[in-house]
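# Need a 3D model of the sequence below.
(one chain, ligands or ions: 2)
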Amino acid sequence: MQIKHFLQFKDLTRDEINYLFDRARVIKQRFKRYETYRPLVDRTLVMIFEKASTRTRLSFEAGAQQLGASAIYLNTRDSQLGRGEPVEDAAQVISRMCDLVMIRTFEQTIIERFAANSRVPVINGLTNEYHPCQILADIFTFIEHRGSITGKTVTWIGDSNNVCNTWLQAAELLDFNVHVSTPPGYEIEPERAGLFGTSHFEQFDDPMQACAGADLVTTDVWTSMGFEDENEERREAFADWCVDADMMRVARPDALFMHCLPAHRGEEVTAEVIDGPQSVVWDEAENRLHAQKALMEYLLLGRVES
Ligand code: CP
Ligand code: NVA
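Ligands and ions are numbered 1, 2, ... in the order given. As a prediction, this is how the structure comes out:
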């Protein structure tokens with residue numbers, strides 16, 4: 001089987017992504033019934049973290065173990081990766097000793113260089129540019145609550161960051177619309193988002209206008225990991241881009257609220273919204289586990305019938 005990587009959302013086809021949603025549903029149902037399902041016995045996942053994580057580490061490590069595989073955690077501090085070993089050399093060595101690699105790092109080019117030298121599939125666990133596993137889980141969550149996302153409107157409020165870029169790629173692949181409202185100076189860069197055109201998103205100066213008629217309102221931290229030096233100036237610039245009850249009121253009455261977490265209540269979202277009835281953030285976080293189990297199974301075994 002040819003090696004497939006998941007470095008950006010558009011690395012998989014629409015058909016493959018839809019297959020993953022179907023598999024995630026089956027795998028989740030089995031998990032909820034406490035059924036043992038171990039198709040990845042004797043396989044090893046290596047997880048490389050150059051940034052902090054709770055959900056990504058936990059969902060990959062628990063998910064690998066539940067599928068019968070083992071998971072090894074490496075970070076920059078305790079490995080030679082933090083002491084200047086070339087990414088290409090690390091990829092050659094690590095991929096000879098394991099079956100699958102997940103990386104959380106800074107620039108997308110790092111994960112691309114790793115993948116180009118890897119004998120095994122590589123998964124993006126977040127880079128400065130993208131967070132494809134997050135959006136896989138988010139859309140799976142939307143489908144569970146509201147059915148197909150095709151033709152729907154997703155509103156992104158705040159920073160045009162890695163999670164926003166990935167929503168935009170997903171919109172092109174799965175044919176839905178994204179309304180984006182960012183403060184001036186923080187607008188989307190279509191090229192950085194890896195888009196083909198602008199037909200699946202619209203930019204709004206006013207966050208209230210962006211939320212009008214939305215099926216889903218979503219946001220993320222004002223300052224992503226790696227950009228901490230900009231924290232103070234971002235706090236000022238983003239002050240009006242806090243998802244609140246007024247924004248949710250102009251969205252559709254059945255609109256959902258999502259946040260990839262961790263969240264800062266009182267900054268990008270009010271406590272009333274994130275802890276309110278339209279919020280599905282805990283389902284969203286749990287679904288990282290099920291969606292990534294489907295992804296790992298697919299990258300290692302291809303399509304399965306069982
Ligand atoms: N959403 C997400 O990726 O969370 P962590 O940073 O905790 O992994
Ligand atoms: N945009 C955030 C997401 C964290 C899961 C970051 O990159 O820090």
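# Run through the strands of the stretch 1-150 of the chain in chain order.
Using DSSP state E, counting those that start in this stretch, the strands of the stretch 1-150 of the chain run over 44-49, 70-75, 100-104, 122-124.
# To ligand 1, which of those strands lies closest?
Ligand 1 lies closest to strand 100-104 among the strands of the stretch 1-150 of the chain, at 7.4 Å (Cβ to the nearest ligand atom). Yep, even glycine has a C-beta here, placed from its N, CA and C like the rest.
# follow-up on the earlier one: out of the strands of the stretch 1-150 of the chain, which gets nearest to residue 218?
Between residue 218 and the strands of the stretch 1-150 of the chain, the tightest spacing by Cβ to Cβ is seen for strand 122-124, at 19.2 Å.
# Flag every buried residue along that closest one.
122-124 (16 or more other Cβ atoms under 10 Å).
# Near residue 249, how many other residues are there?
Residue 249 is flanked by 11 other residues according to other Cβ atoms under 10 Å.
# any idea which helix or strand comes after the helix or strand residue 164 falls within?
Per DSSP states H and E: residue 164 is located in helix 162-174. Per DSSP H and E, the first helix or strand lying C-terminal to helix 162-174 is strand 177-181.
# Given that next one, what are its sheet partners and their directions?
strand 153-157 (parallel), strand 201-203 (parallel) (DSSP bridges).
# orientation of it relative to helix 162-174 in degrees?
160 degrees (axes from the mean of the first three to the mean of the last three Cα atoms, to 10 degrees).
# neighbouring contacts of strand 177-181?
The contact list for strand 177-181, computed with Cβ atoms under 8 Å, 6 or more residues apart in numbering, reads 151-158, 160, 164, 167-168, 171, 187-188, 200-207, 209-211, 214, 241.
# With only the CA atoms kept, save it in CSV.
Only the C-alpha atoms of strand 177-181 are listed here, as CSV (Å, rounded to 0.1, in the frame of the first residue of the first chain):
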residue,chain,number,x,y,z
ASN,A,177,-19.4,28.1,3.7
VAL,A,178,-17.2,29.9,6.2
HIS,A,179,-17.9,33.4,7.4
VAL,A,180,-14.7,34.8,9.0
SER,A,181,-14.5,37.9,11.2
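# Return the residues of the stretch 51-200 of the chain in contact with ligand 1.
Contact residues (Cβ under 6 Å from any ligand atom) of the stretch 51-200 of the chain with ligand 1: 53-56, 126, 134.
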